[in-house]
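In: This is the structure alone, sequence omitted:
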C-alpha cells in the first residue's frame, strides 16, 4: 500500500468505515471495493449494500518489524508485529484488513470474525479510520 | 410530544490494567475504590469507542441507522478539538446524510447534556429518532495521582417518540461558576486539579443537592418514589454519603463517576451507569440521575420504565467486563502515547 490522497480516501469512506459494497444489478455479486465494472460479469450498474461485517479468515500473515508500509511504521515501533488477514465475508467478497483484539495463537484459517471500527493510521495530521477484524463474539 | 429512551448500547475496551501494576511502579495507588481499569488499545479512541457503543444501541433496538435523524457526540477528549467528530461516527454507522449532528465537549457532564438535548430534539418534533453517544478516555499526567483513576469507555442511548421504553418525566439543572476542580486549559494535554479539600467537596455537594431536590419538588416526588439513584461526579465513599444525606438507601445507589472495574471514563461514566441500570430495571420502576461537572454545573433527570430494555447476549455490561486482557504498566504508558498522552 502506498500514499492514498485525502480526496481518494474521502470518496471511499462508506466502504472503509461501514463496509458498504456495490451489488451488481445484473449478476448479483457484491464488489468491495467498488470497481467501474463488476468483477464477475463486467456490468456497470450497482446498488449500494451494507455488509454484515461477519466472515471467516481465508488466509493471514504476520507483518514483522521492518516489513510494514510506511504508514504503519509508528504502529510497528510501538506495538511490534501485527497480523493481516484475508477475510471472506458472509456476502461473498474477500477483503484484506488488520486483526484486532486477539492474540497470535487465536488466529487460524476458518476462524469466524467480525468487523470493528478502528484507527488505521495517521497522515497529513489526520486520522485515517477504517475497519479491522476481531474473533466473532457470541450474539 | 413525549420522548422515551428506546435502547442503550455500551463499549468497554478489552485491555485492563490492575492496581498492582501501579503499586509495583509507584508504591502507591490513590483511587482506593479501583481494582482495575479499562485501557484504550493503540487503535482505539473516543470516536472508535463511540461507533461500537452506538452500533450496539442500534442492535439492541433492532433499528437501522438509516432511521436516525440526529447524532450527538459527547466527549471531554475528542480526537479532534476542531473538525466535527460526530460526522465520523455517523458515516461509520451508515446514517443518512440529512441528519443533524453536534459535538458536545469540555465538561464531565456533557454526556448527560447530550442526552437532555436529545430529548429536546425529539420532544420538539424536530426529529423522530436521536442517538446520543458519550465516549471518553481522559488523560492526566502519569507522574501525578489523577492519571491513576482514568479509564476509557463509551455508552450510547437512542431516544424516540414512537417506541416505548423509559419515559423522560422531567429534568432540572443548576449552574454556578467555581474554580479549582478538574480543568484543562486550551492547548494543554493534561487534566489538572487544585486540591482544595473540603471546600471543594462542599460546593459540589451543594450543587448536586439543590439539583436533585429541585427536580423532586417539581415532580412532587420523594426519595421513596425512586428505585434507582445514579449519581455522577463523586468517588465511592462520598457518593454513598451524599446519597444518604439526600435520603437514598445504599441498595438504590449506582455510583456513576467511578466503577471499580472501569475507572473514571469522563463524560461516558453517567451514560454507562444509566445503561447498566436500565438493563435490569423492571416495569414501572423510577430512575433519578444527577450528573455533576466541575466548574460547575449539574443536570438531573427522572425516568420511568414503561417497557423493559432489551440487551442482546454478548452486549451487556457484564459481558464487556468479562472480555479482557491485562497489560503491564510500561505497555500502558506506550498505549497512552497514541491518545496524545506521551
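Out: Now that the structure is in, tell me what you want to look at. Small disclaimer: the values here were computed from a predicted structure and weren't measured.
In: Of all the residues in the stretch 151-300 of chain B, which one is nearest chain A?
Out: Among all residues of the stretch 151-300 of chain B, residue B:154 sits closest to chain A, at 11.3 Å; criterion: CB to the nearest CB. Every C-beta, even on glycine, is put in place using the N, C-alpha and C of the backbone.
In: host element of that residue?
Out: Assigned by DSSP states H and E, residue B:154 belongs to strand B:153-160.
In: Might you report the residue contacts of the residue of the stretch 151-300 of chain B closest to chain A?
Out: B:10-11, B:46, B:49-50, B:52-53, B:133-136, B:265, B:268, B:272 (CB atoms under 8 Å, 6 or more residues apart in numbering or on different chains).
In: Can you tell me which of the residues you listed is closest to chain A?
Out: Checking these one by one against chain A (CB to the nearest CB), the nearest turns out to be residue B:52, at 6.6 Å.
In: Identify the residue spatially nearest to that closest one, adjacent ones excluded.
Out: Nearest residue to residue B:52 in three dimensions, chain neighbours excluded: residue B:11, at 3.8 Å (CB to CB, 6 or more residues apart in numbering or on different chains).
In: Measure how buried the one you found is and give me the count.
Out: By the measure other CB atoms under 10 Å in any protein chain shown, the count of residues near residue B:11 is 28.
In: What pLDDT is listed against it?
Out: Predicted confidence (pLDDT) for residue B:11: 98.
In: swap in residue B:258?
Out: 63.
In: likewise the one 10 residues further on?
Out: Taken from the predicted model, the pLDDT recorded for residue B:268 is 97.
In: mind listing the helices for chain A?
Out: A:6-11, A:13-18, A:73-79 (DSSP state H).
In: right, and those helices - which one's nearest residue B:128?
Out: Among those, the nearest to residue B:128 by CB to CB is helix A:13-18 (21.8 Å).
In: hmm, who's touching that closest one?
Out: So helix A:13-18 is contacted by A:9, A:20-21, A:32-34, A:48, A:50, A:117, A:129-131, B:88, B:91-94 (CB under 8 Å, 6+ apart).
In: Same check on stretch B:241-258?
Out: Residues outside stretch B:241-258 that contact it (CB under 8 Å, 6+ apart): B:31, B:33-34, B:108, B:149, B:205, B:208-209, B:212-213, B:222-223, B:226-236, B:239-240, B:264, B:269-270, B:272-274, B:276-277, B:289, B:291.
In: taking the residues you listed one by one, which sit in helices?
Out: B:205, B:208-209, B:212-213, B:236, B:239-240, B:269-270, B:272-274, B:276-277.
In: Mark which of these are buried, thanks.
Out: Neighbour-count burial (16 or more other CB atoms under 10 Å in any protein chain shown) applied to the ones in helices among the contacts of stretch B:241-258 gives B:205, B:208-209, B:212, B:236, B:239-240, B:269-270, B:272-274, B:276-277.
In: and of those, the nearest to residue B:25?
Out: Residue B:25 lies nearest to residue B:236 out of those, by CB to CB, at 23.4 Å.
In: roughly how far is stretch B:184-197 from the heart of the chain?
Out: Relative to its chain's centre, stretch B:184-197 lies at 20 Å (CA atoms, centre = their mean, to the nearest Å).
In: List the buried residues of that stretch.
Out: Result for stretch B:184-197 [16+ other CB under 10 Å]: buried residues B:184, B:190-191.
In: want to try JSON lines for those, with distance to chain A and pLDDT as columns?
Out: Shown next, in JSON lines, are the buried residues of stretch B:184-197 (distance: CB to the nearest CB, whole Å; pLDDT from 0 to 100):
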{"residue": "B:184", "distance to chain A": "20", "pLDDT": "94"}
{"residue": "B:190", "distance to chain A": "20", "pLDDT": "93"}
{"residue": "B:191", "distance to chain A": "22", "pLDDT": "93"}
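In: Quick one: name the residues of chain B near chain A.
Out: Within chain B, the positions near chain A by CB under 8 Å from any CB of the partner chain are B:14, B:41-45, B:47-48, B:51-52, B:79-80, B:88, B:91-94, B:312-315, B:319, B:323, B:325, B:334, B:337-338.
In: Where helices are concerned, which of those count?
Out: B:47-48, B:51-52, B:88, B:91-93, B:319, B:334, B:337-338.
In: Spatially central residue in chain A, please.
Out: For chain A, the residue lying nearest the average C-alpha position, counting by CA atoms, centre = their mean, turns out to be residue A:97 (3.8 Å).
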